[in-house]
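**Student:** Structure, please.
(chains A, B, C, D, E and F)
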6 protein chains.
Amino acid sequence: MRIRVINPNTTQSMTDLVEAAARNVAGPDVTIEAVTSGCGPASIEGHYDDAMACIGLLEEIRKGEQDGVDAYVIACFGDPGLDAARELARGPVLGIAEAAMRAATFVATGFSVVTTLSRTVVIAEHLVTRYGVHGHCRAVRATDIAVLDLENPESCAYQKILDECRRALAEDRCGAIVLGCAGMADLCERLSKELGVPVIDGVSAAVVMAEALVRMGLNTSKHGDYARPLPKSYQGILAPFAPRE
Amino acid sequence: MRIRVINPNTTQSMTDLVEAAARNVAGPDVTIEAVTSGCGPASIEGHYDDAMACIGLLEEIRKGEQDGVDAYVIACFGDPGLDAARELARGPVLGIAEAAMRAATFVATGFSVVTTLSRTVVIAEHLVTRYGVHGHCRAVRATDIAVLDLENPESCAYQKILDECRRALAEDRCGAIVLGCAGMADLCERLSKELGVPVIDGVSAAVVMAEALVRMGLNTSKHGDYARPLPKSYQGILAPFAPRE
Amino acid sequence: MRIRVINPNTTQSMTDLVEAAARNVAGPDVTIEAVTSGCGPASIEGHYDDAMACIGLLEEIRKGEQDGVDAYVIACFGDPGLDAARELARGPVLGIAEAAMRAATFVATGFSVVTTLSRTVVIAEHLVTRYGVHGHCRAVRATDIAVLDLENPESCAYQKILDECRRALAEDRCGAIVLGCAGMADLCERLSKELGVPVIDGVSAAVVMAEALVRMGLNTSKHGDYARPLPKSYQGILAPFAPRE
Amino acid sequence: MRIRVINPNTTQSMTDLVEAAARNVAGPDVTIEAVTSGCGPASIEGHYDDAMACIGLLEEIRKGEQDGVDAYVIACFGDPGLDAARELARGPVLGIAEAAMRAATFVATGFSVVTTLSRTVVIAEHLVTRYGVHGHCRAVRATDIAVLDLENPESCAYQKILDECRRALAEDRCGAIVLGCAGMADLCERLSKELGVPVIDGVSAAVVMAEALVRMGLNTSKHGDYARPLPKSYQGILAPFAPRE
Amino acid sequence: MRIRVINPNTTQSMTDLVEAAARNVAGPDVTIEAVTSGCGPASIEGHYDDAMACIGLLEEIRKGEQDGVDAYVIACFGDPGLDAARELARGPVLGIAEAAMRAATFVATGFSVVTTLSRTVVIAEHLVTRYGVHGHCRAVRATDIAVLDLENPESCAYQKILDECRRALAEDRCGAIVLGCAGMADLCERLSKELGVPVIDGVSAAVVMAEALVRMGLNTSKHGDYARPLPKSYQGILAPFAPRE
Amino acid sequence: MRIRVINPNTTQSMTDLVEAAARNVAGPDVTIEAVTSGCGPASIEGHYDDAMACIGLLEEIRKGEQDGVDAYVIACFGDPGLDAARELARGPVLGIAEAAMRAATFVATGFSVVTTLSRTVVIAEHLVTRYGVHGHCRAVRATDIAVLDLENPESCAYQKILDECRRALAEDRCGAIVLGCAGMADLCERLSKELGVPVIDGVSAAVVMAEALVRMGLNTSKHGDYARPLPKSYQGILAPFAPRE
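**Tutor:** Model prediction:
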């Protein structure tokens, strides 16, 4: 089974981090193929970045379809281009936010999201509503760490995130933490040990759930809204992206 | 006052149709600048097209900002790229779906949407939830006419749409109809006369509401989630789209 | 185009204030006709006042219909008698709360309402639910200034409102403020400049949106729930209010 | 214990019908005082009538307070003026719609409302949302019988209502029927026998629940939103309605 | 009329307390029969206890049916086994949480629940959603008093509850308090006097409402979801609980 | 890894069927231990059965904890005793309804549930609300086949289910089917092939998702609401079920 984990931003070091997290949980018969978007933003920290990131993401889905990939993971907590990707793909496509949030509902009555910049909080909140976890998500908390600073030792990212998790557990009446950025994947195990509660990294969650769906024999439904895009003419720099038969 | 009406698909004839509808309602001191996306799909009929259409749309917003445009209208019923556009723009940005749906709530207790392909119904439904008009929207009905066939006389589009509106008024307990595609703008007046109820075209609604907001002195809030995108590096074919200071 | 702006309370000075705000935004071909209710409460600060204010309001709508007015604005943040007014009126009727809240959703992902007395907060909250803006409205905050004290210099109304707005922007994660009383209309521009975010006055919002709807050729739907009231006998002091053919 | 059952329309025969239903269920130590509004519409069949009916209703509440009444029932399925009445009253005030709907949730997982004119359906639907019974109310069905025709033998009201109830039980997957008009109160027992399911008349429900609340020693809370209306000046024909200390 | 009040835990002293509260409000023609579950937990303080308590509860319902009881009250704020009990019972079955919460909505625009252990808060919150009182319930607050410590003078239960109520009234913008445990029933009157707002005990509320429903002639609907359980074979220690014809 | 799949009813043949479905999808390093409840109903077809089934279910969880099982699946579409089981268990506990519904949201924009008896529809609907999939679940449809008749060739179960699925796909605008009973697990693959859309069996979904959570290192949170039940005395036939330290 081949699962393609797509980093929708162009930062290779984040892809490496995400790949490690994916490999850590993948089953014995699963091949993880981590790829970096070929165009678009270096990090995704708002609606504009999110929209722009879809192009490179969808290109990777298209390539994956040519390569016969079994399932995809979109490794960005905004789950950008999820519905568009599902139109293209035969196999399942999972966003890390949806996978993490659903996983949390299996192990706690309430969870809090701890994420990066304040301005991304509303994106996470829209997903909370979209995924129907409004009854479980107690809060979405920001640490005001830029995505690319997560890997910068001088940003004290781990400590800030740990402190925010502690506040969440004390104040939000939650039983689990969902990490709100793919770039936090490598901190998951350490946070979990230190906090003594389930801490959920969406990359891991999406990889194991993608594997689960493939094992069940489930593919994206092509009856209705996720049917393949209708063939049509595309212009300009996006001409190569036109859907074909 | 300059209002830029953006057709996010690349079909000039649709831009012309939309421009006529916009000019028909614009106030005496308003200049309508209708522009056609320079890249992307010829029509938008699904999630993939929707995602792809954002690039050309955002490019037009960017150009509009350079030109000092006062407000924007996104002339596609999926309201693609709305939040991203608001990050870029100083002045207000309105999607035709949100404008049409809100307008409907001012004149009826319930409305039905009559749109094009069945597969787009779920996109409209997501917007109904997103815009909080779930209590007003009685149904989203499809006519299964392709967007570009609206202008094709052989498709009998007007008759099909009229029939669907009649069914809606008879069955859905609604008092108004919202037309679910920019390409239906030219049919609005005729349908309204024939049906005897308010029929709302989103292009008209968005243009007059954009003018209204500018007249009030309202601009997109730059405090919080719609602040300008953070400057960062963009790669590949999207390198020119990188947000600058 | 004639827009009748109705003050549902009997305080002429508030009508004057509201009239000034309306004139400030009305388009060049719009005549603003500001009228004061002929009976009922001097100010509206609770459910009882709200119910009682409907009589004078509906009388003004009735007179407007005789005078061939094109649209109406109900200049009270409780939007009293809105549905009843729409049954009577041919043209559109807008409440200032619904207009302000919808305007806010066009320019920010979240807004807070800053209003007068604590006891009116629940009325605003009911409207938030009714208008489907629950996903956008972050909070409804009270300043505990009586409606008629807004114009009293000794009440330090402006400072109190400014401070509450500041708290809202700091704590509620909102990007815009909605002023929760018609009597705050004259403070809007100053607050906006001082806070640097969109501040929305419902009187302005309703006037420009009413104009927008008329420009679109939209009238209140007479198919269904907003059909004219059925003719019937009325008794007692309300006998003159009986709906006729 | 004195319970005042107020008919907010001016039709004495409806008051008599309602009084009989109330007396039928009242406890042994309860005095039912049925009163007819002294002004306003002969029947309530829309938003305008609803708003106009509040005056006479609130006058009866005021008189009841002077007379030391223990609780009130508003005998109209639109529950007009409910919040305003609660500001005035010391004891509990119940609307027949809220009482009926809540009673239904105690005895069935789902109920359907069968009411009079189609145009009143939306009023009932707003109450369903307001009272939080959206999860229980399967449908609101109209019989298109005018309120005052319920007592007219030529209208075949009983048969029409019976048929609509049958359709509801067959199609809506409900286990109980809520009668959507005070004027249906006398049909309740017969319908219940014939259908073999709980049929709920709001007049009975509100009377017994009002008695229940008084027995518990519960009065309307005067802390917060239902505090007595603030004293203020009222003008014109409503001058006598000014709230006093 | 015979109302059986069932204590679903096995602690007789709690049954006595509950019985006194029930007798205090029951009408003159009502016989209160308070019974203690014959098996299961000594107190109910979590989901496990809640599930386990259903057995003894349902046994008491079964016995009540044999004895021809007219209505039942489940005297535990988790309303355990409510739907199952309604399948068994002919007459109405009320849980004290649903009765208390509905009673609160009749007398205040908002209420707060003050309950025992923190871990039970989520159970109350699920009921708030289930009963559709989310628009009225401002908060669910815990006092961290174990259920069986309510009767222990050394726990200072009254003072802790009073303090929590005060905080609720000051901070939650509520007008009434709902006591979140049957074991608080005896504190109700005293709290109400001291706080000056409606304080609602679910035992009282459920008893008077059960009486109300019986007076109306309402029984649990046997059409649909609350029909008697289908006869079938049961194994093991639960063999005696098999539903019969 | 050991996953215990619990059949909460006492019918061994259903356990065998469920075991086969579980084995079919389990990963290479997973041991499936299928167990049958030792007491309670032969099948679960209503609220009463559901409540009664919890005892045997929780006994199996308790035994599993003694045996050091890694995760549990509750193989009944009512997900009975889910929260109680999570209080007891260290590892994750999944209900088949929650797993199936979440799986559906990963592969389609909308799904319909096809289940057994009409009277169980409301149980599924409550779970739809509880799991926040209201935006995805288009309908819950019944086939009126008794649970134990699924395995009876004379009931033509397969054909009835197939027909109902076809109606769902034609009428509900869904892209996937969720099978509403553990006893349909063996029909899943055949239905999927014949219908050409994803058909989801909850047993498979829950097994693979349980495995996924264990692979992620996630256990049920013991911080807060799912903490182990507090030790206390239990009486009567349930005395052996008392929670210990």
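
**Student:** tell me the SS of the residue of chain A found nearest chain D?
**Tutor:** For chain A, the residue closest to chain D is A:Gly135, as judged by C-beta to the nearest C-beta, at 13.4 Å. From N, CA and C alone the C-beta is placed, and that goes for glycine too. Per DSSP: H, G, I helix; E, B strand; the rest coil, the local secondary structure of A:Gly135 is coil.

**Student:** Near it, how many other residues are there?
**Tutor:** Other residues lying near A:Gly135 total 19 when counted by other C-beta atoms under 10 Å in any protein chain shown.

**Student:** Quick check, it in contact with F:Gly132.
**Tutor:** Yes. Counting by C-beta atoms under 8 Å, F:Gly132 is a contact partner of A:Gly135 at 5.9 Å.

**Student:** what sits against the residue nearest in space to the middle of chain A?
**Tutor:** Per C-alpha atoms, centre = their mean, the C-alpha nearest to the average position across chain A is that of A:Ile96, at 2.6 Å. Counting by C-beta atoms under 8 Å, 6 or more residues apart in numbering or on different chains, A:Ile96 touches A:73-77, A:79, A:182, A:201-203, A:205-206.

**Student:** So it versus chain F, what's the distance?
**Tutor:** When C-beta to the nearest C-beta, to the nearest Å is applied, the distance between A:Ile96 and chain F equals 12 Å.

**Student:** Repeat that for A:Leu57.
**Tutor:** In this structure, A:Leu57 and chain F are 17 Å apart, going by C-beta to the nearest C-beta.

**Student:** Can you name the helix or strand that that residue falls in?
**Tutor:** Assigned by DSSP states H and E, A:Leu57 belongs to helix A:47-67.

**Student:** could you list every residue that touches the residue in chain A that chain E sits nearest to?
**Tutor:** Closest residue of chain A to chain E, C-beta to the nearest C-beta: A:Thr109 (4.7 Å). Under the criterion of C-beta under 8 Å, 6+ apart, the contact partners of A:Thr109 comprise A:136, A:175, E:122, F:83, F:224-226.

**Student:** The residue of chain A found nearest chain F: neighbouring residues, count only.
**Tutor:** Using C-beta to the nearest C-beta, the single residue of chain A nearest to chain F is A:Gly132, 2.7 Å away. For A:Gly132, the number of neighbouring residues by other C-beta under 10 Å comes to 24.

**Student:** can you confirm it is in a helix?
**Tutor:** No. Assessed by three-state DSSP, A:Gly132 does not belong to a helix; its assignment is coil.

**Student:** Surely it touches F:Cys137?
**Tutor:** No. Here A:Gly132 lies out of contact with F:Cys137, judged by C-beta under 8 Å, at a distance of 9.6 Å.

**Student:** show me the contacts for A:Ala84.
**Tutor:** Going by C-beta under 8 Å, 6+ apart, A:Ala84 touches A:54, A:58, B:46-48, B:50-52.

**Student:** A:Ala139: what secondary structure?
**Tutor:** Under the three-state scheme (three-state DSSP), the conformation of A:Ala139 reads as strand.

**Student:** Roughly how far does it sit from C:Leu117?
**Tutor:** Summarising the geometry, the distance separating A:Ala139 from C:Leu117, computed by C-beta to C-beta, to the nearest Å, is 30 Å.

**Student:** sorry, back to before: and the gap between the residue of chain A closest to chain D and chain C?
**Tutor:** Going from A:Gly135 to chain C by C-beta to the nearest C-beta gives 15 Å.

**Student:** which residues touch that residue?
**Tutor:** Taking C-beta under 8 Å, 6+ apart as the definition of contact, the neighbours of A:Gly135 are E:129, F:130, F:132.

**Student:** likewise A:Thr115?
**Tutor:** In this structure, A:Thr115 makes contact with A:77, A:121, A:124, A:140-143, A:179-181, judged by C-beta under 8 Å, 6+ apart.

**Student:** Then A:Gly78?
**Tutor:** Contacts of A:Gly78 were listed using C-beta under 8 Å, 6+ apart, and they are A:44, A:50, A:97, A:120, A:123-124, A:127.

**Student:** let's see 10 Å
**Tutor:** By C-beta atoms under 10 Å, 6 or more residues apart in numbering or on different chains, the contact list for A:Gly78 reads A:8, A:44-47, A:49-51, A:53, A:95-97, A:120, A:123-124, A:126-127, A:180-182.

**Student:** what does A:Thr116 give?
**Tutor:** A:43-45, A:77, A:124, A:142-150, A:157, A:161, A:179-181, A:183-184.

**Student:** Next one: the residue nearest to it when sequence neighbours are not counted from chain B, what distance?
**Tutor:** Excluding the flanking residues, the one nearest A:Thr116 by C-beta to C-beta, 6 or more residues apart in numbering or on different chains is A:Cys181, at 5.0 Å. Separation of A:Cys181 from chain B (C-beta to the nearest C-beta): 15 Å.

**Student:** Give me the local confidence score for A:Cys181.
**Tutor:** Reading off the per-residue confidence, A:Cys181 sits at a pLDDT of 93.

**Student:** give the contact list for it.
**Tutor:** A:14, A:43-45, A:75-78, A:96-97, A:113-117, A:120, A:124, A:143, A:145, A:147, A:150, A:157, A:161, A:187, A:201-203.

**Student:** Can you select the buried ones among those for me in PyMOL?
**Tutor:** Here is the PyMOL selection string for the buried members of the contacts of A:Cys181, based on 16 or more other C-beta atoms under 10 Å in any protein chain shown:
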select buried, chain A and resi 14+43+44+45+75+76+77+78+96+97+113+114+115+116+117+120+124+143+145+147+150+157+161+187+201+202+203
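
**Student:** In strands, which of the contacts of A:Cys181 appear?
**Tutor:** Counting by DSSP state E, the members of these that fall within strands are A:113-115, A:201.

**Student:** from the residues you listed, which is closest to D:Asn24?
**Tutor:** Proximity of these to D:Asn24 was ranked by C-beta to C-beta; the top entry is A:Val113 with 55.8 Å.

**Student:** Correct me if wrong: the closest one contacts A:Ile161.
**Tutor:** No. Taking C-beta atoms under 10 Å as the definition, A:Val113 is not a contact partner of A:Ile161, at 11.5 Å.

**Student:** Many thanks, have a good one.
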